[in-house]
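Dropping the sequence and predicted coords here.
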Amino acid sequence: MVEIPQGRFPLGRVVGTPAALEALGDSGEGPWTFLARHLSGDWGEVCAEHRRLNDEALEQSGRLLSAYRTARGIKL
(Lines give C-alpha, C1' and ligand atoms only; values in the text may rest on other atoms or scores of the structure.)
Protein backbone atom coordinates (compact mmCIF):
# COMPACT_ATOMS: atom_id res chain seq x y z
CA MET A 1 0.00 0.00 0.00
CA VAL A 2 1.30 3.45 -0.94
CA GLU A 3 0.67 6.40 1.34
CA ILE A 4 -0.47 9.46 -0.59
CA PRO A 5 0.92 12.74 0.78
CA GLN A 6 -1.46 15.44 1.98
CA GLY A 7 -1.97 17.92 -0.81
CA ARG A 8 -3.74 21.15 -1.60
CA PHE A 9 -6.90 19.20 -2.49
CA PRO A 10 -8.31 15.66 -2.13
CA LEU A 11 -6.94 13.34 -4.81
CA GLY A 12 -10.10 11.44 -5.67
CA ARG A 13 -10.11 8.62 -8.21
CA VAL A 14 -6.83 7.97 -10.00
CA VAL A 15 -6.89 6.58 -13.54
CA GLY A 16 -4.28 6.30 -16.27
CA THR A 17 -4.54 5.95 -20.02
CA PRO A 18 -2.85 2.93 -21.60
CA ALA A 19 -0.32 5.27 -23.24
CA ALA A 20 0.54 6.96 -19.93
CA LEU A 21 0.94 3.61 -18.17
CA GLU A 22 3.17 2.39 -21.00
CA ALA A 23 5.30 5.56 -20.82
CA LEU A 24 5.72 5.08 -17.06
CA GLY A 25 6.66 1.44 -17.56
CA ASP A 26 9.17 2.29 -20.29
CA SER A 27 10.81 4.91 -18.08
CA GLY A 28 10.85 2.69 -14.99
CA GLU A 29 9.01 5.38 -13.03
CA GLY A 30 5.90 4.98 -10.96
CA PRO A 31 2.98 7.40 -10.94
CA TRP A 32 3.46 8.57 -7.34
CA THR A 33 6.16 11.17 -8.03
CA PHE A 34 3.95 12.82 -10.62
CA LEU A 35 0.85 12.57 -8.42
CA ALA A 36 2.73 14.16 -5.52
CA ARG A 37 3.71 17.08 -7.76
CA HIS A 38 0.10 17.43 -8.92
CA LEU A 39 -1.19 17.38 -5.33
CA SER A 40 1.27 20.08 -4.29
CA GLY A 41 0.06 22.45 -7.03
CA ASP A 42 3.09 21.95 -9.28
CA TRP A 43 1.21 21.73 -12.58
CA GLY A 44 4.32 20.90 -14.62
CA GLU A 45 4.41 21.83 -18.29
CA VAL A 46 1.13 23.69 -18.76
CA CYS A 47 0.67 27.14 -20.24
CA ALA A 48 0.00 30.25 -18.15
CA GLU A 49 -3.72 30.11 -18.97
CA HIS A 50 -4.04 26.56 -17.65
CA ARG A 51 -2.10 27.54 -14.51
CA ARG A 52 -4.58 30.37 -13.93
CA LEU A 53 -7.55 28.06 -14.57
CA ASN A 54 -6.10 25.49 -12.16
CA ASP A 55 -5.75 28.12 -9.45
CA GLU A 56 -9.39 29.12 -9.98
CA ALA A 57 -10.46 25.47 -10.00
CA LEU A 58 -8.85 24.94 -6.58
CA GLU A 59 -11.26 27.51 -5.16
CA GLN A 60 -14.30 26.12 -7.01
CA SER A 61 -13.57 22.35 -6.88
CA GLY A 62 -13.14 22.28 -10.65
CA ARG A 63 -11.01 20.25 -13.06
CA LEU A 64 -7.26 20.39 -12.64
CA LEU A 65 -4.82 19.83 -15.49
CA SER A 66 -1.13 19.01 -15.15
CA ALA A 67 1.49 17.69 -17.55
CA TYR A 68 4.91 16.20 -16.83
CA ARG A 69 7.70 14.44 -18.71
CA THR A 70 9.07 11.05 -17.81
CA ALA A 71 12.82 10.47 -17.54
CA ARG A 72 12.66 9.43 -21.21
CA GLY A 73 11.00 12.71 -22.24
CA ILE A 74 7.50 11.34 -22.83
CA LYS A 75 4.79 13.82 -21.84
CA LEU A 76 2.14 12.63 -19.42
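Cool, the structure landed.

contacts, neighbours, all on C-alpha from now
Will do.

just the helices in this structure please.
For the chain, applying DSSP state H gives helices covering 18-27, 32-40, 48-60.

Mean neighbour count, the ones you listed: which tops it?
Among those, ranked by average contacts under mean count of other CA atoms under 10 Å, first place goes to helix 32-40 (a mean of 16).

Can you name every helix or strand that it contacts?
On a contact count with 3 or more CA pairs under 8 Å, 6 or more residues apart in numbering; DSSP states H and E, helix 32-40 meets no helix or strand.

Can you give the distance of that helix from its chain's centre?
Relative to its chain's centre, helix 32-40 lies at 6 Å (CA atoms, centre = their mean, to the nearest Å).

returning to that earlier point: out of the helices of the chain, nearest to G73?
Minimum separation from G73 across the helices of the chain (CA to CA) falls at helix 18-27, 8.8 Å.

Show me the contact partners of that closest one.
Among residues not part of helix 18-27, those counted as contacts by CA atoms under 8 Å, 6 or more residues apart in numbering are G30, P31, T70, A71, R72, I74, L76.

Surely the last one is in contact with E45?
The reference is to L76. No - in this structure L76 lies outside contact range of E45 using CA atoms under 8 Å: 9.5 Å.

what sits in contact with each of those two?
Shared contacts of L76 and E45, counting by CA under 8 Å, 6+ apart, come down to A67, Y68.

between the two, which one's more packed in?
L76 (18 against 15; other CA atoms under 10 Å).

so who does that one touch?
L76 touches A20, A23, A67, Y68, R69, T70, counting by CA under 8 Å, 6+ apart.

ok, the first one to R69 distance?
Just to be clear, that refers to A20. 10 Å (CA to CA, to the nearest Å).

most centrally placed residue in the chain?
By CA atoms, centre = their mean, the chain has its centre lying nearest to H38, at 4.0 Å.

Next one: it, what pLDDT does it get?
pLDDT, H38: 91.

and it, what is it in contact with?
G44, S66.

any idea how far A67 is from H38?
9 Å.

Pull up the overlap in contacts between the two.
Contacts common to A67 and H38, judged by CA under 8 Å, 6+ apart, are G44.
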